[in-house]
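In: Test case, fold it:
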Amino acid sequence: MSGIHRIQQLRTSTQNRQIQRTSIPSQEFYFRDGDQAFIAPLATGNEDDKYFDNVEMYTWPKAMGGFNNLLKHDSVDAGDVPEDVNASQKFTFWAYVFEVIHTTLTERGREAGWEPIKDPTGKQLYKEDVNAFKIISLSYGRNEYVFNQLLDIYNDWGTLNKGILRIKRTGTGMQDTSYTIAATTRELKVPEPENELPTIEQYYLERYSEVWAPESSTNGTHEAATKPVTQAQIDELF
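Out: Numbering: from 1, shown residues only. Predicted structure coming up:
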């Protein structure tokens, strides 16, 4: 095979792999400022739980805007990761997301027909019915305060998949963003998945085992980088 045809074949093969990889639908749920999500964890939190895991991700800005993402894993080549980039850690689990209460109506919300509702004080809110299995990924937080909220619920319930949780995000940046995780008294039925869900490790290996730069997330969490960002800001991205 001539050199030009060999290179053509190699490029076609690479492009096919890229198309296959980026066509993997995102199953991750991203919170915006003020969002309240009502979820039912599929994860139990027990020793053998395949739906709960710790994930480490390299995230760094691209020169032309956007961010690269690469999973930190023994089987993943991290040779393209800049030397000054550290992996961010998050605890990650599968859950069924019933609904999300938003404080503002976005263009996507208008198109999707989010339901206008009022909170007890009369404040205008918007309800989005999600009703889908999603991956919840959260930073541990300063002194692991976010993770410890979930740990308290696990210790009270003896398992994570016993009831409905409310997760609320407040803030827009790393310095002012906080998460609240609380048990609720809601009783809602979780449907059976149509297909077997991948483990957390399988999902992230399939989606982030090569450098991948998403155009945007479904709710705008990943945004183009037009100026230098700090590691703390990058930690908030995935």
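In: Mind giving me the packing neighbours of the host helix or strand of K168?
Out: Element membership for K168, per DSSP states H and E: strand 165-170. When contacts are defined as 3 or more Cβ pairs under 8 Å, 6 or more residues apart in numbering; DSSP states H and E, strand 165-170 packs onto strand 36-41, strand 178-183. No exception for glycine: its C-beta is placed from N, CA and C like everyone else's.
In: what's the most buried one of the ones you listed?
Out: Of all the helices and strands packed on strand 165-170, strand 36-41 has the most neighbours on average by mean count of other Cβ atoms under 10 Å, namely a mean of 22.
In: And stretch 62-81, what's buried?
Out: Within stretch 62-81, the residues that count as buried by 16 or more other Cβ atoms under 10 Å are 66-73, 76, 81.
In: what's the farthest-apart pair in those residues?
Out: Within the buried residues of stretch 62-81, two members stand farthest from each other by Cβ to Cβ: G66 and H73, at 22.2 Å.
In: secondary structure class for the nearest residue to E201 once chain neighbours are set aside?
Out: Spatial nearest neighbour of E201, chain neighbours left out: D53 (5.9 Å); criterion: Cβ to Cβ, 6 or more residues apart in numbering. Per DSSP: H, G, I helix; E, B strand; the rest coil, the secondary structure class of D53 is strand.
In: Any regions of this protein where pLDDT drops low?
Out: Applying pLDDT under 70 to the chain picks out residues 1-24, 174, 212-238.
In: can you give me the strands in it?
Out: 28-29, 36-41, 52-61, 67-71, 88-102, 115-118, 124-139, 165-170, 178-183 (DSSP state E).
In: For my notes, please list the ones you listed in a markdown table and give distance to I200 for each entry.
Out: Formatted as a markdown table, the strands of the chain follow (distance: least, Cβ to Cβ, whole Å):
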| stretch | distance to I200 |
| --- | --- |
| strand 28-29 | 11 |
| strand 36-41 | 12 |
| strand 52-61 | 4 |
| strand 67-71 | 11 |
| strand 88-102 | 5 |
| strand 115-118 | 31 |
| strand 124-139 | 7 |
| strand 165-170 | 17 |
| strand 178-183 | 18 |
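In: Which of those strands sits closest to D156?
Out: strand 178-183 (7.1 Å).
In: Output that closest one in PDB, but only the C-alpha positions, please.
Out: Output of strand 178-183 as PDB, limited to C-alpha atoms (Å, rounded to 0.1, in the frame of the first residue of the first chain):
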ATOM      1  CA  SER A 178     -22.700  24.900  47.600                       C
ATOM      2  CA  TYR A 179     -24.800  21.800  47.400                       C
ATOM      3  CA  THR A 180     -27.400  20.600  49.900                       C
ATOM      4  CA  ILE A 181     -28.500  16.900  49.900                       C
ATOM      5  CA  ALA A 182     -31.500  16.000  52.000                       C
ATOM      6  CA  ALA A 183     -33.800  13.100  52.500                       C
END
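In: Report the strands that pair with that strand, each with its relative direction.
Out: Strand 178-183 pairs in its sheet with strand 165-170 (antiparallel), by DSSP bridges.
In: Okay, angle between the partner strand and strand 88-102 too, please.
Out: Angle between the axes of strand 165-170 and strand 88-102 is 100 degrees (criterion: axes from the mean of the first three to the mean of the last three Cα atoms, to 10 degrees).
In: returning to what we had before: then the strand holding K168 to PDB, C-alphas only?
Out: Provided in PDB are the C-alpha atoms of strand 165-170 (Å, rounded to 0.1, in the frame of the first residue of the first chain):
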ATOM      1  CA  LEU A 165     -33.500  12.700  47.800                       C
ATOM      2  CA  ARG A 166     -33.500  16.400  47.100                       C
ATOM      3  CA  ILE A 167     -30.200  17.900  45.800                       C
ATOM      4  CA  LYS A 168     -30.000  21.700  45.500                       C
ATOM      5  CA  ARG A 169     -27.200  23.800  44.100                       C
ATOM      6  CA  THR A 170     -26.700  27.400  45.100                       C
END
